[in-house]
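S.K.: Need a 3D model of the sequence below.
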Amino acid sequence: MIALTHVPSPNMQSCERTFVPQAAIDFARARAQHAAYCQALRDCRAKVVTLNVNEPLADATFIEDTAIVLDEVAVLCSMGAASRRGEPARIEPVLREYREIARIEPPATIEGGDVLRVGRTFLVGQSCRTNAAGIKLLTALCSRYGYQVTPIPDRGCLHLKTACTALADGRLLVNPAWIDATALAGYELVSVPEAEPWGANVALVRSKVLLAAAHVQTAELIDGLGFTVQAIELSEFAKAEGGVTCLSLLIS
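M.R.: Sure thing, here's the model as predicted:
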């Protein structure tokens with residue numbers, strides 16, 4: 001497994017925020033937390049490739065949003081935030097080392113944080129960053145390779161993966177307050193504790209479930225389901241509306 005990551009930008013304080021208030025980001029701490037995050041990926045036997053191609057751009061460290069990686073092709077995203085639209089082009093040369101490239105172009109928009117793969121299905125959040133045109137184009141592209149796309153309305157959160165991620169056994173970890181759970185009929189849902197609404201964002205890396213250290217109750221819940229959990233301190237990225245999946249682009 002390859003994990004593409006990107007160094008935090010020194011301009012991170014100016015990053016896009018939609019559902020979280022402004023808060024001071026400690027850049028030195030963010031860099032230390034990012035280094036620990038990359039080490040956690042290595043501990044999961046992922047080969048970590050850390051990029052520095054978008055460093056002036058405030059949200060550059062949230063590399064997950066720039067692309068959607070299928071087994072056959074990598075789809076460069078059309079970012080929903082105007083300030084981020086330059087990011088995918090600079091990621092493209094690295095992605096070309098692993099996959100052929102396809103693109104979704106404006107006015108269609110889609111961000112990787114809205115796209116969750118579960119088997120041969122992609123659940124795609126209808127959000128403030130991903131529009132109907134973006135979902136339509138991704139659906140057409142995925143159908144060429146035998147994948148299905150299911151749109152999932154979300155509310156009160158930035159991306160689908162803020163409120164819904166997948167566990168290794170196919171169960172979905174969700175915050176039902178932030179998504180339309182009726183659209184997930186057929187999946188077994190595990191709700192995060194109400195006290196930890198951001199806890200549904202976890203990353204499955206080989207046999208481990210990575211999650212933010214702040215989500216103690218969620219960690220206990222996942223551990224009780226029989227999974228190996230590794231908590232990572234991500235306080236500075238939470239201030240930027242980021243979570244554990246946002247900081248890497250995983251390529252199997």
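
S.K.: drop to CA atoms for contacts and neighbour counts, all remaining ones
M.R.: Noted.

S.K.: Could you double-check that E72 lies in contact with E100?
M.R.: Yes. Contact status for E72 versus E100: in contact at 7.3 Å, counting by CA atoms under 8 Å.

S.K.: Give me the contacts around stretch 109-118.
M.R.: Around stretch 109-118, the neighbours that count as contacts under CA atoms under 8 Å, 6 or more residues apart in numbering are 64-68, 77-80, 104, 122-127, 129-131, 133-135, 159-162, 165-166, 170, 245-246.

S.K.: Which ones among those residues lie within helices?
M.R.: Per DSSP state H, helices hold the following members of the contacts of stretch 109-118: 133-135, 160-162.

S.K.: Buried subset of the contacts of stretch 109-118 as a PyMOL selection?
M.R.: In PyMOL, a selection of the buried entries from those looks like this (16 or more other CA atoms under 10 Å):
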select buried, resi 64+65+66+67+68+77+78+79+80+104+122+123+124+125+126+127+129+130+131+133+134+135+159+160+161+162+165+166+245+246
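
S.K.: which residues in the stretch 51-200 of the chain form helices?
M.R.: 87-95, 132-143, 160-163 (DSSP state H, counting those that start in this stretch).

S.K.: E188 is nearest to which of the ones you listed?
M.R.: Nearest to E188, of all these, is helix 160-163, at 14.8 Å by CA to CA.

S.K.: Using CSV, list the CA coordinates for that closest one.
M.R.: The C-alpha coordinates for helix 160-163 follow below in CSV (Å, rounded to 0.1, in the frame of the first residue of the first chain):
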residue,chain,number,x,y,z
LEU,A,160,-19.4,12.3,3.6
LYS,A,161,-16.3,10.8,5.3
THR,A,162,-16.8,13.3,8.2
ALA,A,163,-19.9,11.4,9.0
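
S.K.: on that earlier part again, what would the helices of the stretch 51-200 of the chain look like in TSV with mean pLDDT and distance to S207?
M.R.: Formatted as TSV, the helices of the stretch 51-200 of the chain follow (pLDDT from 0 to 100; distance: least, CA to CA, whole Å):
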stretch	mean pLDDT	distance to S207
helix 87-95	97	24
helix 132-143	97	27
helix 160-163	97	19
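
S.K.: Just name the most buried of those helices.
M.R.: Comparing those by mean neighbour count (mean count of other CA atoms under 10 Å), helix 160-163 ranks first with a mean of 29.

S.K.: how much space between the residue nearest to V49 when sequence neighbours are not counted and I63?
M.R.: Distances taken as CA to CA, 6 or more residues apart in numbering put L4 closest to V49, at 4.9 Å, once the chain neighbours are dropped. Shown here: L4 relative to I63, a distance of 8 Å by CA to CA, to the nearest Å.
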